[in-house]
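Undergrad: Next one to model:
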Amino acid sequence: MFDAIESLPPDPILGVNAAFRRDESPHKIDLGIGVYRDQAGITPVPAAVHEAERAMIAAQTTKTYIGPLGNPEFNERITELALGPLARTLRPRIAAIQTVGGCGALRVGAELLHVSAPETVIHVSTPTWANHEPLVGSSGLALERYPYYDPATRGVDFDRMHSHLARLPAGAVVLLHACCHNPTGADLSPDQWRNIAELVEKRGLLPFVDLAYQGLGTDLEVDVAGPRLIAERVPEMLLAISCSKNFGLYRERVGALVMLARDARGAGALATHQARTARRMYSMPPDHGAAIVARVLGDPQLRASWAEELGAMTARLNGLRELLAKRLAACRPDRDFSWLARHRGMFSLLPLPVAALMELRERHHIYALTDGRVNVAGISVDNVERVADAIGTLTA
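TA: Residues are numbered from 1 along each chain as shown. Prediction:
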């Protein structure tokens, strides 16, 4: 049966991680894998998450299924975290399902779009997260690209983006990064979000928003201001949420797909399709991580503790950006690296060709993805000088 199957090339992200593990240098630095790290290089579990987990386990009396739609308390509270006061206003039109991480939310959303309209085309940014196309495209939907990033300015190429989206037909799906754009770190400004919200409404486009980093860009409110502007204006919307980064629950695979319908009847119908899609893909979601998030968000003290720790993580990321930009400027005063400090989230793209990125790995033992994406959380005050000097040396 399987004799004809041949080995596949390594995943572009996981392959770099595997190469890093094989490197025996005591000075190696991992800027590839997309997880948050503290100064000690540890991916921490927030104290509020630890406390909520202990309390949950102590109170738990059963491990029975929770149903294909998942933990109702989690669904309600994660929707409120994302949409704020809008969640209450829009509640009759909302259908939410707990998913297997943000990846599960993207895939379930794509499957539902395929059921609703198989001819749907999903438009993704250039560039976008490496796993967007496999996750969404494997549903059978067609994918196309829209301009987003300008390598010359290291910012959003908004005029080209807006012009391209303005030519799309009604019903076209536009996949948008809510904040902390992966892999570029270049986010839309508030004015640009307003323009996109107006355009989406006017053209009858369907927004599919990927919210993977709420709280890790600026703060919990600013990071979702754009999606909220859109939700206020459009009749339909998909919002894929991940709790991996901001709650530190990577391996628990906690996510949600929140869908906005035209009316309560439509939301009820969507919920039945969400449940059936999940049932056919993985049957029931795991409850452990979702129950933790529900407890953290439902307890005022735990929520305040979590928000404070998340704020410290964000401040560290932005501080590292400023530190790296400053060190690079000292190393290469002939080049402008100020864009590093303007970007948000964990990622930015280095202005290095593949050959230079391979030299960065082989000569300096610093690992980045072959598209130039680096995770600034892998930098610390102890290694930033070595990282900056190596990048500066290889920058043309």
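
Undergrad: Which stretches in the stretch 1-150 of the chain count as strands?
TA: Here the stretch 1-150 of the chain has its strands, by DSSP state E, counting those that start in this stretch, at 29-30, 94-100, 121-126, 142-147, 149-150.

Undergrad: Could you identify which of the ones you listed is most buried?
TA: Of the strands of the stretch 1-150 of the chain, the one with the most neighbours on average (mean count of other C-beta atoms under 10 Å) is strand 94-100, at a mean of 26. All C-beta spots, glycine's among them, are computed from the backbone N, C-alpha and C.

Undergrad: what's that strand in contact with?
TA: The contact list for strand 94-100 (C-beta atoms under 8 Å, 6 or more residues apart in numbering) reads 68-71, 74-76, 78-79, 87, 105, 107-108, 240, 253-261, 267-268, 270-271, 274-275, 278, 282, 285-286, 290.

Undergrad: do the same with stretch 68-83
TA: For stretch 68-83, contacts defined as C-beta under 8 Å, 6+ apart pick out 87-88, 90, 94, 96-99, 211, 214, 220, 224, 227-228, 231, 239, 241, 243, 254, 256, 258, 271, 274-276, 278-279, 283-285, 287, 290-291, 293-294, 297-298.

Undergrad: just to revisit the earlier point, could I get the strands of the stretch 1-150 of the chain as TSV with mean pLDDT and distance to Thr395?
TA: Below are those laid out as TSV (pLDDT from 0 to 100; distance: least, C-beta to C-beta, whole Å):
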stretch	mean pLDDT	distance to Thr395
strand 29-30	94	17
strand 94-100	98	40
strand 121-126	97	23
strand 142-147	97	25
strand 149-150	98	18
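
Undergrad: How confident was the prediction at the most centrally placed residue in the chain?
TA: When C-alpha atoms, centre = their mean is applied to the chain, the residue found nearest the centroid is Ala212 (2.9 Å). At Ala212, the model reports a pLDDT of 98.

Undergrad: Likewise for Arg373?
TA: As predicted, Arg373 sits at a pLDDT of 96.

Undergrad: residue contacts, it?
TA: Contacts for Arg373 (C-beta under 8 Å, 6+ apart) come out as 32, 182-183, 347-350.

Undergrad: buried set for the lengthiest helix in the chain?
TA: Counting residues, the longest helix in the chain under DSSP state H turns out to be helix 300-331. Buried residues in helix 300-331, counted by 16 or more other C-beta atoms under 10 Å: 302-303, 305-307, 309-310, 313-314, 316-318, 320-321, 323-329, 331.

Undergrad: heading toward the C-terminus, what's the first helix or strand past it?
TA: helix 339-342 (DSSP states H and E).

Undergrad: Parallel or antiparallel, list what pairs with the helix or strand just after that next one.
TA: The C-terminal neighbour of helix 339-342 among helices and strands, as given by DSSP H and E, is strand 347-349. Here strand 347-349 is paired, per DSSP bridges, with strand 373-375 (antiparallel).

Undergrad: Can you check what angle separates the helix or strand just after the strand it pairs with from helix 300-331?
TA: Later in the chain than strand 373-375, the nearest helix or strand by DSSP H and E is helix 384-394. Using axes from the mean of the first three to the mean of the last three C-alpha atoms, to 10 degrees, the inter-axis angle of helix 384-394 relative to helix 300-331 is 50 degrees.

Undergrad: what's the distance between helix 384-394 and the middle of its chain?
TA: From the chain centre to the centre of helix 384-394 is a distance of 27 Å (C-alpha atoms, centre = their mean, to the nearest Å).

Undergrad: Please apply the same query to stretch 190-208.
TA: 20 Å.

Undergrad: again with stretch 287-304
TA: Distance of stretch 287-304 from its chain centroid, counting by C-alpha atoms, centre = their mean, is 20 Å.
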